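1. attaching a predicted model along with its sequence, questions to come.
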Amino acid sequence: MRKHNFSPGPATLPQEVFQQAADALVDFNHSGLSIAEISHRAPEFVQVIEEATSLVRELYQLPDYFEVLWLPGGASTQLAVAPMNLLGLNDSMAIVDTGFWALRSIDAARELAQVHVLESASATHYDRIPKAWNLPADAKYLHVVSNETIEGIQYHEYPQVDIPLVADMTSDFLSKPLDVDRFGIIFASAQKNFGIAGITCVLVNTKVLPVNSDRKVPTIWDYQTHIQNQSLYYTVPTYPVYVALLMLRWIKAQGGLREMQNQSVAKSSLLYDEIDRNPLFEGIAVKEDRSVLNACFRAISPEVESQFLEYCSQNDVVGIKGFPTVGGFRASMYNGMAMESVQHLVQLMKNFKPSL
Ligand SMILES: Cc1ncc(COP(=O)(O)O)c(C=O)c1O
């Protein structure tokens, strides 16, 4: 029997997607070949990557001047590659310190350019998104972590600024519709909302790419290289792209991004309502910034916490232990998480009787 997996990523996908992925690994479209043994340049695979690209374009309604890239190295690589491509040697970018992944972005960007940290939520242990700050005139773009996976806080409205946003959307990509025109670069690794580990989808607004930068970007890191080669400059991780295609088809068949958003809100509301109702638990983030993808909460004492973790594991719930810097629990509910699993967890919270 399948477990209810609330892991923050790699995360669960719908059973039917895992089944189709498993079938193709053995025999892709009755070709007598595994999807993993055909060339990334074979027409069969080119069709796969082209369909995945056109589904991303369709779901986000991307204008022509956006390019969709499929790159290896995870979102972590993009934390450096985005500033490398967008900033000249003396340029600066701005960022709000919202948590773990903002700090990683600050470290990565500082190796390349000047970074203005506008405000930090560290004083309140990253339980909220700072919203009162001033943008310096020289910032070329504002980096946002649209959903801080570890602390469970999310931008429900993006900051109104007159420079492009560069967004690390690793944990909320394809989870709601977006006004893409405000963004210069959007990137997300696949293993949370749309696939398995190994591939990162990068949306590049070509209008923001500098024309004559004084930085020589190494060819392999240059977005232009991958735009010109349709992401086939190197051997793209073919199987992760194929699984992403299956998830993109699944998202479209469900009704697209508005439906993903409705499902996310329904799943997370059910859980947050129980967290707020049940005297044994409490939410960690402030309500207005709570993430609909990663719900972080605590029990009333460490003792109750360890009893509830044990109770979860006896009842087929896995992956809900919080990250060490935050503690407590974190229930991750990405696109592939079924409502039934959230209902199961909420029922466990209701039934749970700690021995005090
Ligand atoms: C918001 C965010 N950004 C970046 C990353 C890093 O992604 P990767 O491990 O694929 O490099 C993660 C991973 O969990 C994340 O949650």
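-> Structure received. Residues are numbered from 1 along each chain as shown.
2. now the strands for the stretch 101-250 of the chain?
-> 114-120, 139-145, 147-148, 153-154, 165-168, 183-189, 200-205 (DSSP state E, counting those that start in this stretch).
3. got JSON lines for those, with mean pLDDT, distance to Asn5 and mean neighbour count too?
-> In this view, the C-beta of every residue, glycine as well, is placed from N, C-alpha and C. Listed next are those as JSON lines, based on pLDDT from 0 to 100; distance: least, Cβ to Cβ, whole Å; neighbours: other Cβ atoms under 10 Å:
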{"stretch": "strand 114-120", "mean pLDDT": "98", "distance to Asn5": "33", "mean neighbour count": "17"}
{"stretch": "strand 139-145", "mean pLDDT": "98", "distance to Asn5": "24", "mean neighbour count": "24"}
{"stretch": "strand 147-148", "mean pLDDT": "98", "distance to Asn5": "19", "mean neighbour count": "27"}
{"stretch": "strand 153-154", "mean pLDDT": "98", "distance to Asn5": "21", "mean neighbour count": "25"}
{"stretch": "strand 165-168", "mean pLDDT": "98", "distance to Asn5": "23", "mean neighbour count": "26"}
{"stretch": "strand 183-189", "mean pLDDT": "98", "distance to Asn5": "18", "mean neighbour count": "26"}
{"stretch": "strand 200-205", "mean pLDDT": "98", "distance to Asn5": "22", "mean neighbour count": "24"}
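4. adding distance to Thr225, write these out as CSV.
-> CSV is the format used below for the strands of the stretch 101-250 of the chain (distance: least, Cβ to Cβ, whole Å):
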stretch, distance to Thr225
strand 114-120, 25
strand 139-145, 21
strand 147-148, 29
strand 153-154, 33
strand 165-168, 19
strand 183-189, 15
strand 200-205, 12
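5. how about those, which one is nearest the ligand?
-> Taking Cβ to the nearest ligand atom, strand 183-189 is the member of the strands of the stretch 101-250 of the chain nearest to the ligand, at 3.2 Å.
6. if we can go back for a sec, got CSV for the strands of the stretch 101-250 of the chain, with distance to the ligand too?
-> Listed next are those as CSV, based on distance: least, Cβ to the nearest ligand atom, whole Å:
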stretch, distance to the ligand
strand 114-120, 17
strand 139-145, 5
strand 147-148, 6
strand 153-154, 10
strand 165-168, 5
strand 183-189, 3
strand 200-205, 7
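7. can you pull out the helices in the stretch 251-356 of the chain?
-> Counting by DSSP state H, counting those that start in this stretch, the stretch 251-356 of the chain has helices at residues 257-277, 302-314, 339-351.
8. quick one: which of those is nearest Gly322?
-> For Gly322, the closest of the helices of the stretch 251-356 of the chain is helix 302-314, at 9.1 Å, according to Cβ to Cβ.
9. can I get that closest one in PDB, CA atoms only?
-> Provided in PDB are the C-alpha atoms of helix 302-314 (Å, rounded to 0.1, in the frame of the first residue of the first chain):
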ATOM      1  CA  PRO A 302       8.800  18.400  22.300                       C
ATOM      2  CA  GLU A 303       7.300  15.400  24.000                       C
ATOM      3  CA  VAL A 304       4.000  15.700  22.200                       C
ATOM      4  CA  GLU A 305       5.900  16.300  19.000                       C
ATOM      5  CA  SER A 306       7.800  13.100  19.100                       C
ATOM      6  CA  GLN A 307       4.700  11.100  20.000                       C
ATOM      7  CA  PHE A 308       2.800  12.600  17.000                       C
ATOM      8  CA  LEU A 309       5.700  11.800  14.700                       C
ATOM      9  CA  GLU A 310       5.600   8.200  15.900                       C
ATOM     10  CA  TYR A 311       1.800   8.100  15.500                       C
ATOM     11  CA  CYS A 312       2.200   9.400  11.900                       C
ATOM     12  CA  SER A 313       4.800   6.800  11.000                       C
ATOM     13  CA  GLN A 314       2.500   4.000  12.400                       C
END
